[in-house]
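Asker: I need the structure of the sequence given here:
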Amino acid sequence: MADSIQEFTTWLESLSEEGLIAFLQKIAHFCTDSRFELVWLIDSNLKSDQEIKKALEETVLLYCIGYCKTTQIQDMLVAYSAFRAWQAAPTTKEHKQLSQVLFMHLVKKELVPEPPPELFLASENERQEHIVSAINKVAEDNMQELNTIIKELESQD
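Answerer: The predicted model follows:
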């Protein structure tokens with residue numbers, strides 16, 4: 001936890017004034033959504049109820065650390081979101097090109113074997129099934145690498 005707090009502190013110090021204001025607004029919205037107000041953390045009335053004060057402080061700190069971490073992995077979350085959208089409907093027209101490009105990259109990186117020659121003579125559905133199966137297998141075995149490849153492909157668009 002100490003590393004996370006230090007990481008958060010470093011991130012917080014890197015924010016511009018506008019970024020800091022936006023972040024404080026997000027914290028305030030989180031507090032309101034959680035049925036308390038951010039200003040309660042400095043409310044003198046809570047001095048006599050250390051249990052609530054400590055719980056609120058920990059809640060806000062954990063939110064801040066979680067927010068910091070998600071901003072740091074935004075590009076990976078975008079890639080994973082794209083994968084999940086693809087996975088929900090991999091054979092649609094929208095995702096067909098991604099399937100083919102992604103499969104070619106997986107072959108190139110030797111994460112999946114070259115397609116067998118008979119696959120070239122197979123029906124379109126059989127080829128798609130092979131590609132989808134291969135991509136899903138990589139997702140099971142090495143989601144991090146698959147995310148990296150999707151991220152690279154997304155940046156090329």
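Asker: where does the prediction get shaky in the protein?
Answerer: 157 (pLDDT under 70).
Asker: got the domain ranges for it?
Answerer: 2-72, 75-156 (automatic domain parsing).
Asker: and the ones you listed as JSON lines, adding mean neighbour count?
Answerer: Bear in mind the C-beta positions are built from the backbone N, C-alpha and C, glycine included. Shown next, in JSON lines, are these (neighbours: other C-beta atoms under 10 Å):
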{"stretch": "domain 2-72", "mean neighbour count": "12"}
{"stretch": "domain 75-156", "mean neighbour count": "14"}
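Asker: now do the helix ranked longest in the chain: which elements does it pack against?
Answerer: Ranked by residue count, the top helix of the chain under DSSP state H comes out as helix 124-156. In terms of contacts (3 or more C-beta pairs under 8 Å, 6 or more residues apart in numbering; DSSP states H and E), helix 124-156 is packed against helix 74-88, helix 93-108.
Asker: turn the ones you listed into CSV, including distance to residue 42.
Answerer: Output for the helices and strands packed on helix 124-156, formatted as CSV (distance: least, C-beta to C-beta, whole Å):
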stretch, distance to residue 42
helix 74-88, 31
helix 93-108, 50
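Asker: just give me the residue closest to the centre of this structure.
Answerer: In the chain, the C-alpha nearest the mean C-alpha coordinate belongs to residue 77, at 2.1 Å (C-alpha atoms, centre = their mean).
Asker: distance of that residue from residue 141?
Answerer: Distance from residue 77 to residue 141, counting by C-beta to C-beta, to the nearest Å: 21 Å.
Asker: what does residue 86 give?
Answerer: 17 Å.
Asker: the closest residue to residue 26 other than its chain neighbours sits in which helix or strand?
Answerer: Take residue 26 and drop its neighbours on the chain: the residue closest to it by C-beta to C-beta, 6 or more residues apart in numbering is residue 67, 6.7 Å away. Per DSSP states H and E: residue 67 is located in helix 50-72.
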